[in-house]
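Participant: Provide a 3D model corresponding to the input given below.
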Amino acid sequence: MTSPVTPNRSNQVRALWLSTIAFTVCFAVWTLFSIIGLSIRDELALSEFEYGVLIATPVLTGSLTRLILGVWTERYGGRLVFSIQMVLAGAATFALTWADSYPTFLLAALGVGLAGGSFIIGATYVTKWYPQARQGTALGVFGMGNAGAALTTFLAPFALIAWGWEGVAEIWAAVVAATGILFYLLAKDDPDFAARRAQGIAAPSLAEQFAPLKKLQVWRFSLYYFFVFGGFVALALWLPYYLVHVYEVDVRTAGIAAAIFSLAASVFRAYGGVLSDRFGARAVMYWALGFSLLFLFMLSYPPTDYVIRGKHGPIAFSTEIGLWPFVAALFGLGFFMSLGKAAVFRHIPIYYPNHVGSVGGLVGMIGGLGGFVLPIIFGALLDLTGIWTSAFLLLFLIVLVSISWMHLSIRAMERQAQGVALDRLPNFPELSDVHDPDRTVMPHLVDDWRPEDPQFWKDKGRRIATRNLWVSIPALVLAFAVWMVWSVVVAQLPSIGFAFAQDQLFWLAALPALSGATLRIFYSFMVPIFGGRLWTTLSTASLLVPALGIGYAVQNPSTPYLIFVVLALLCGLGGANFASSMANISFFFPRAEKGRAMGLNAGLGNLGVSIMQFLVPLAITAGVFGALGGPPQELSNGGRIWMQNAGFIWVPFILASTMAAWLGMNDLADARASFREQAVIFTRKHNWVMCLLYVGTFGSFIGYSAGFPLLSGLAFPHVNALQFVFLGPLIGALSRAWSGGLADRIGGGRVTFWVFASMIASVLVVIWGLENSSFAIFFAGFMALFFFTGIGNSSTFQMIPIIMRKEIARLHPNDSLDTQRRQSERESAAIVAFTSAIGGYGGFFIPKAYGTSIGLTGAPTAALWAFLAFYVLCLFVTWAVYTRRGGLLHDIERGRGLPAALPA
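Facilitator: The predicted structure is shown next:
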């Protein structure tokens with residue numbers, strides 16, 4: 001909010017330069033550990049990880065405090081909050097000299113981090129003094145305070161040599177505390193705060209200040225700032241260490257080189273503000289992110305030797321960037337990061353003029369968290385890959401995602417404003433003479449969707465729904481493949497040199513299911529919020545992270561177990577996709593075809609498990625990607641495998657499926673709903689009943705898929721089970737795809753009842769095979785289990801729309817038929833997704849139950865008896881609630897008592 005009275009020029013200049021000087025001093029303190037951290041590291045003999053946590057801790061405090069400091073600045077005024085914050089930061093910095101152990105250094109570092117919260121205080125304070133047309137320039141000048149990092153990296157090494165790190169801390173502490181006192185004495189209250197206090201107007205409430213934070217646009221700005229500011233802070237902390245080890249320079253040279261980057265990323269922020277005022281913040285963001293991509297590509301390219309088979313023999317050459325070309329590239333990167341920082345904060349007072357403190361606080365917090373998280377990830381990537389430039393590659397990927405999201409969002413806004421006109425334009429101007437817009441137009445948002453209308457379905461609906469289904473299926477296949485890839489990878493880890501205990505291996509097999517099931521809870525509600533097209537694109541692209549991570553991690557037997565734990569959890573991204581995919585497809589089809597459509601989507605999607613278990617054992621036997629994929633691993637028997645192909649083999653398919661989802665799928669306007677609208681399912685009794693049943697069907701399918709390879713190898717070590725294990729998931733997936741129509745014809749409740757009866761018999765067969773040491777009986781029992789779980793997966797999902805149509809008609813009898821239809825479809829989709837989330841936990845508990853049973857009794861039989869007891873419970877619940885005479889589905893599945901809410 002700006003004051004109705006424009007402040008005079010001298011007061012504006014005073015506020016701007018006092019804030020800029022204060023911010024410069026605070027930033028110098030905030031990045032102090034980039035220099036003194038090296039001495040503390042040697043003094044305490046810290047590991048790489050401990051050192052990374054130490055230098056990142058102040059960044060964590062400075063980031064997390066930004067949101068609340070922004071709110072307090074709106075409430076109490078920047079003059080008071082800025083002064084108190086600097087005095088407290090000075091006291092914490094001086095307390096460093098009293099620390100005598102690693103924990104006490106971490107505690108003091110948390111206090112030093114208060115200096116990092118200064119940005120949002122100053123940005124909010126400065127914004128109040130200037131009209132909107134000049135806020136970009138003013139914020140750009142203020143942002144030059146980032147040069148404090150350059151002051152530290154340039155001056156601190158000399159002070160360090162003269163007085164030691166304790167002397168540096170004392171000097172920096174005195175300067176920041178004195179600056180805080182002077183700021184309070186010399187600065188004035190901003191016009192908005194002064195006017196509000198004079199008139200006795202209460203400050204905005206927390207609810208009013210936090211209201212904009214639910215907008216997706218705010219989080220998009222946060223991602224930009226995660227790179228332009230968080231990446232800047234991370235590099236300011238990381239570069240001295242990087243330069244000392246990669247280019248073998250002394251700490252003073254490294255400090256000067258890092259200072260050049262910090263200066264470029266700071267002083268040009270004022271220029272970025274001027275450009276944002278003149279050309280618009282959006283254009284400046286395009287420049288900043290686009291050129292950052294170019295410089296990061298140069299910096300991320302590792303030193304490489306090449307040999308080309310030329311006409312006259314081999315031609316050898318190498319690529320490696322020298323020290324000063326490296327510094328020059330850093331300067332260019334810093335320049336465009338400084339423009340980006342100015343452009344991001346130019347957006348905020350334009351879109352949210354009355355909420356600069358809260359919105360800017362969130363954006364600043366996320367950006368600051370980048371400065372905390374990224375140095376730790378830099379260290380982990382270095383440990384994982386052994387490649388120094390991997391840090392720049394990570395930043396390259398972040399920028400790529402940022403610029404893509406920005407461009408797609410801008411195109412979406414353009415389409416929202418001029419969608420009809422854009423759809424009727426030819427792809428190229430030269431095609432205007434032959435362009436037929438009525439034939440070629442394919443709007444991605446469908447406003448009119450009436451699948452229950454036979455004529456609409458025949459003329460238009462079936463074609464659109466079928467296209468979305470066949471784009472969704474390959475994406476789901478890949479999701480399941482990545483989710484369950486650990487079931488094969490874990491079985492091979494001991495043979496390629498990883499000395500993990502048996503319980504650790506079971507944990508790795510179980511963790512993807514645990515994270516996948518948990519993430520499904522959140523994914524359950526994403527399609528109505530973001531739209532099926534966008535969410536399918538993003539969720540499919542996210543599979544690249546675990547696929548590439550696995551490919552690199554398995555190549556080095558010294559890779560820490562923690563890295564494998566993280567990658568196993570990230571594989572859960574694939575499992576989570578199922579919830580959103582099923583919810584999305586359920587919106588497209590009429591009730592008469594939902595069972596078949598969801599059966600095809602889920603059943604063929606489940607094929608990803610068997611495809612993975614068939615393809616990966618083949619792919620790891622050959623160097624599919626040549627030198628690009630890395631060297632093979634030596635086996636104990638003298639053979640060789642390329643275990644990295646278990647991850648790399650999916651990358652090209654993931655890229656293709658991501659493009660197909662973005663280009664070929666649609667969003668349905670009727671399917672849009674907020675989380676609050678969807679959360680009503682938590683009050684529905686049948687949501688929880690179906691969760692129980694789906695744990696018994698899908699939970700069993702995914703749990704047996706994850707644990708079957710490892711269990712087979714332990715129970716029957718003389719059998720090469722890996723050549724057979726793909727058959728189980730294959731049978732389960734095909735039976736699910738085939739049986740969707742069966743449930744439509746005779747009723748999902750009745751099918752589910754007989755599925756559980758058959759699963760009880762199948763478990764008895766498996767136990768019989770184990771007790772008689774017969775692999776044939778054991779294998780046959782498991783194949784039967786997979787077959788019946790597939791049928792049960794389909795039949796339980798077919799039950800949900802019918803249950804909810806009857807429930808909505810009972811709960812809302814006075815609503816129109818169309819309103820009841822929309823509500824039942826919305827709740828059905830949410831329940832389908834949520835039950836899939838809960839069902840996914842079976843993939844964790846079944847492998848873990850095997851491990852626990854073996855650990856306690858020496859055999860997995862106790863776990864199988866527990867599974868059998870659970871199936872007995874599911875059988876009873878299905879009968880008691882749904883299929884018995886008087887049950888909810890008894891009359892419906894026998895052709896009587898169809899829900900009144902939806903005429904056929």
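Participant: what's around residue 250, how many residues?
Facilitator: By other CB atoms under 10 Å, 10 other residues sit near residue 250. To be clear about C-beta, it is placed using only N, CA and C from the backbone, and glycine gets the same treatment.
Participant: any idea of the pLDDT on it?
Facilitator: We have a pLDDT of 81 for residue 250.
Participant: that one and residue 640, how far apart?
Facilitator: To residue 640, residue 250 is 43 Å away according to CB to CB, to the nearest Å.
Participant: before we move on, what about residue 879?
Facilitator: According to CB to CB, residue 879 and residue 640 sit 55 Å apart.
Participant: which helix runs longest in the protein?
Facilitator: Secondary structure of the chain per DSSP state H: the longest helix is helix 148-186.
Participant: which secondary structure elements does the helix or strand just after that helix contact?
Facilitator: For helix 148-186, the succeeding helix or strand toward the C-terminus, using DSSP states H and E, is helix 191-199. On a contact count with 3 or more CB pairs under 8 Å, 6 or more residues apart in numbering; DSSP states H and E, helix 191-199 meets helix 118-129.
Participant: same thing but at 6 Å, please
Facilitator: Under the contact definition 3 or more CB pairs under 6 Å, 6 or more residues apart in numbering; DSSP states H and E, helix 191-199 sits against no other helix or strand.
Participant: now do it against helix 118-129, angle only.
Facilitator: For helix 191-199 against helix 118-129, the angle by axes from the mean of the first three to the mean of the last three CA atoms, to 10 degrees is 70 degrees.
Participant: now do the buried residues in helix 191-199.
Facilitator: For helix 191-199, the neighbour count (16 or more other CB atoms under 10 Å) marks 191, 192, 193, 194, 196 as buried.
Participant: would you turn those residues into JSON lines with distance to residue 380 and pLDDT?
Facilitator: JSON lines is the format used below for the buried residues of helix 191-199 (distance: CB to CB, whole Å; pLDDT from 0 to 100):
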{"residue": "191", "distance to residue 380": "47", "pLDDT": "78"}
{"residue": "192", "distance to residue 380": "44", "pLDDT": "74"}
{"residue": "193", "distance to residue 380": "44", "pLDDT": "70"}
{"residue": "194", "distance to residue 380": "49", "pLDDT": "74"}
{"residue": "196", "distance to residue 380": "47", "pLDDT": "72"}
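Participant: what's the closest of those residues to residue 738?
Facilitator: Taking CB to CB as the measure, residue 738 lies nearest residue 192 of the buried residues of helix 191-199, at 67.1 Å.
Participant: from what I see, the closest one and residue 128 are in contact.
Facilitator: Yes - taking contacts as CB atoms under 6 Å, residue 192 lies within contact range of residue 128: 4.7 Å.
Participant: pLDDT wise, what is residue 833 at?
Facilitator: pLDDT for residue 833: 65.
Participant: who touches residue 801 in this structure?
Facilitator: Shown in contact with residue 801 (CB atoms under 6 Å, 6 or more residues apart in numbering): 591, 594, 828.
Participant: of the buried residues of helix 191-199, which is the nearest to residue 152?
Facilitator: The closest of the buried residues of helix 191-199 to residue 152 turns out to be residue 193 (CB to CB; 31.5 Å).
Participant: excluding its backbone neighbours, what's nearest that closest one?
Facilitator: Leaving aside its chain neighbours, residue 193 sits nearest to residue 77 (3.9 Å; criterion: CB to CB, 6 or more residues apart in numbering).
Participant: what is the burial count for the one you found?
Facilitator: Neighbours of residue 77 under the rule other CB under 10 Å: 24.
Participant: show me where the stretch 51-200 of the chain dips below the pLDDT cut-off.
Facilitator: Counting by pLDDT under 70, the stretch 51-200 of the chain shows low-confidence ranges at 52, 132-133, 135-136, 143, 146, 149, 200.
Participant: centroid residue for the protein?
Facilitator: Nearest to the geometric centre of the chain sits residue 542, at 7.0 Å (CA atoms, centre = their mean).
Participant: on that earlier part again, relative orientation of the longest helix of the chain and helix 118-129 in degrees?
Facilitator: Per the same axes, to 10 degrees, the angle that helix 148-186 makes with helix 118-129 is 50 degrees.
Participant: which neighbouring elements make contact with helix 148-186?
Facilitator: Judged by 3+ CB pairs under 6 Å, 6+ apart, the packing partners of helix 148-186 are helix 9-30, helix 33-44, helix 78-95, helix 251-267.
Participant: do a quick rundown of the strands in the chain.
Facilitator: With strands called from DSSP state E, the chain shows them at 304-310, 313-319, 445-446, 633-634, 640-641, 667-668.
Participant: re the thing from before, for the residue nearest to the centre of the chain, which non-adjacent residue is spatially closest?
Facilitator: Using CB to CB, 6+ apart, the nearest residue to residue 542 is residue 573, at 4.8 Å.
Participant: could you measure from the closest residue to residue 495 other than its chain neighbours over to residue 485?
Facilitator: Excluding its sequence neighbours, the residue lying closest to residue 495 (CB to CB, 6+ apart) is residue 635, at 5.5 Å. As judged by CB to CB, residue 635 and residue 485 stand 19 Å apart.
Participant: more neighbours: the two, which one.
Facilitator: More crowded of residue 635 and residue 485, by other CB under 10 Å: residue 485, with 27 against 13.
Participant: the more buried one: what's it in contact with?
Facilitator: Residues in contact with residue 485 (CB under 6 Å, 6+ apart) are 612, 646.
Participant: okay, it and residue 473: tell me how far apart.
Facilitator: 19 Å.
Participant: then residue 41?
Facilitator: Distance from residue 41 to residue 473, counting by CB to CB: 52 Å.
Participant: more neighbours, those two?
Facilitator: Comparing residue 41 with residue 473 by other CB under 10 Å, the one with more neighbours is residue 473, at 22 against 19.
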